[in-house]
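Enquirer: pasting the sequence and the predicted model now:
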Amino acid sequence: MTDTSTPAHWEVYAVRFGRHRLPRSAFYLNYAGYGEPDGDLTMDYYLWLVRGPAGTIVVDTGFAPEAGRRRGREVLADPVAVLAELGVDASTVPTVVVTHAHYDHIGNLHRFPAAEVVMSRREYAFWQGPFAGRAHFAIPTEPAELALLPELFEEGRLTLVGAQHRLAPGVELLEVGGHTPGQLIVVVRGAAGTAVLASDAIHSYEEYERDRPFAIVADVAGMYRAYDRIRELERQPGTSVVAGHDPEVMTRFTPHLPGTVCRVL
């Protein structure tokens, strides 16, 4: 449901904390079928900060630095330390949105001890179910991090939502699936426009613009549907799409802290 209330004065920031260089054939599903030469590309790693008079929301918590290094990722910054530079104390953040449960999105969840954690009911159920440990799904996860989710549920700190959820005035969560069964995107409608935080529904702008699914995917048709859903949102005036792993995010939007933070709304 579209939020028709007066636009809130939200600020939205992309926080870059990591980087990885990989072959295009490892980034795209069935890349050989495109008949193009291979080559390298760069993935950046982000989390997002949404804040305003109505509150502070952290969208995803990045990878734990030790997990990133073990997986060969370049650690550019500690995400929690960058949030501190933005005046946000992780220990007091009231709300964390988990767009999906891969290691690079829930790796520091334990460092937000006061937060209500919000994620898709479908996403939570999948990672507690029989296929979570199968190799295709398990590779981008950390068992200890997945095990934290039911602990949060038992503590009463995990809120599970459906296909659409109004988190705050002007902040809506939409379940699009594709990359994971319950992949969420976050739509922030502010006084200055609308930001669609696509997270891993769109890893890169090239993926989105050339309609080429990412290699790690739960449902290929669902991934295409997610692209189409985001295109519908993007057609609304004043809307910007923020890709989940594209280095171009840092140049398409307004620099805030050199090298680590840009303002997207």
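Expert: Everything's here; your move. Numbers count the residues shown, from 1 in each chain.
Enquirer: for the chain, what spans make up the strands?
Expert: Here the chain has its strands, by DSSP state E, at 11-23, 40-52, 55-59, 74-75, 95-97, 116-120, 158-161, 164-168, 171-175, 184-190, 193-199, 239-243, 254-257, 261-263.
Enquirer: give the burial count for the residue lying closest to residue 12 once chain neighbours are set aside, as a bare number.
Expert: Nearest residue to residue 12, sequence neighbours excluded (CB to CB, 6 or more residues apart in numbering): residue 265, at 3.8 Å. In short, each C-beta sits where N, CA and C put it, glycine included. By the criterion of other CB atoms under 10 Å, residue 265 has 24 neighbours.
Enquirer: can I get the strands of the chain in TSV with distance to residue 109 and mean pLDDT?
Expert: Below are the strands of the chain laid out as TSV (distance: least, CB to CB, whole Å; pLDDT from 0 to 100):
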stretch	distance to residue 109	mean pLDDT
strand 11-23	15	98
strand 40-52	11	98
strand 55-59	10	98
strand 74-75	17	98
strand 95-97	7	98
strand 116-120	7	98
strand 158-161	10	98
strand 164-168	17	98
strand 171-175	17	98
strand 184-190	15	98
strand 193-199	15	98
strand 239-243	21	98
strand 254-257	23	97
strand 261-263	21	98
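Enquirer: the residue nearest to residue 12 touches residue 186, doesn't it?
Expert: No: because the distance of 11.1 Å does not satisfy CB atoms under 8 Å, residue 265 is recorded as not touching residue 186.
Enquirer: that older thread, could you check how far the residue nearest to residue 12 is from residue 52?
Expert: 10 Å (CB to CB, to the nearest Å).
Enquirer: identify the contacts common to the two.
Expert: Residues touching both residue 265 and residue 52 (CB atoms under 8 Å, 6 or more residues apart in numbering) are 10-11, 190.
Enquirer: quick one: which of the residues you listed has the most company?
Expert: residue 10 (25 neighbours).
Enquirer: backbone dihedrals for that residue, both of them.
Expert: Torsion angles at residue 10 (phi, psi; degrees, to the nearest 10) stand at phi -90, psi 140.
Enquirer: quick check: pLDDT value at it.
Expert: For residue 10, the model assigns a pLDDT of 97.
Enquirer: check contacts around the closest residue in space to it that isn't next to it in sequence.
Expert: Once flanking residues are discounted, residue 10 sits nearest to residue 190: 3.9 Å by CB to CB, 6+ apart. Listed by CB under 8 Å, 6+ apart, the contact set of residue 190 reads 7-12, 52, 170, 265.
Enquirer: show me which of those is closest to residue 87.
Expert: residue 11 (11.1 Å; CB to CB).
Enquirer: I'd like the distance between residue 88 and residue 115.
Expert: 11 Å.
Enquirer: ugh, wrong one, I meant residue 236
Expert: Separation of residue 236 from residue 115 (CB to CB) stands at 30 Å.
Enquirer: looking at the two, which is more packed in?
Expert: residue 115 (22 against 13).
Enquirer: help me confirm that the more buried one comes into contact with residue 159.
Expert: No: using CB under 8 Å, residue 115 is not in contact with residue 159, being 10.4 Å away.
Enquirer: mean confidence for the lengthiest helix in the chain?
Expert: Longest helix of the chain, by residue count under DSSP state H: helix 220-234. Averaged across helix 220-234, pLDDT comes to 98.
Enquirer: okay, and the beta partners of residue 75?
Expert: Taking DSSP bridges as the rule, residue 75 bridges to residue 18.
Enquirer: that one: neighbouring residues, count only.
Expert: Neighbour count of residue 75, defined by other CB under 10 Å: 18.
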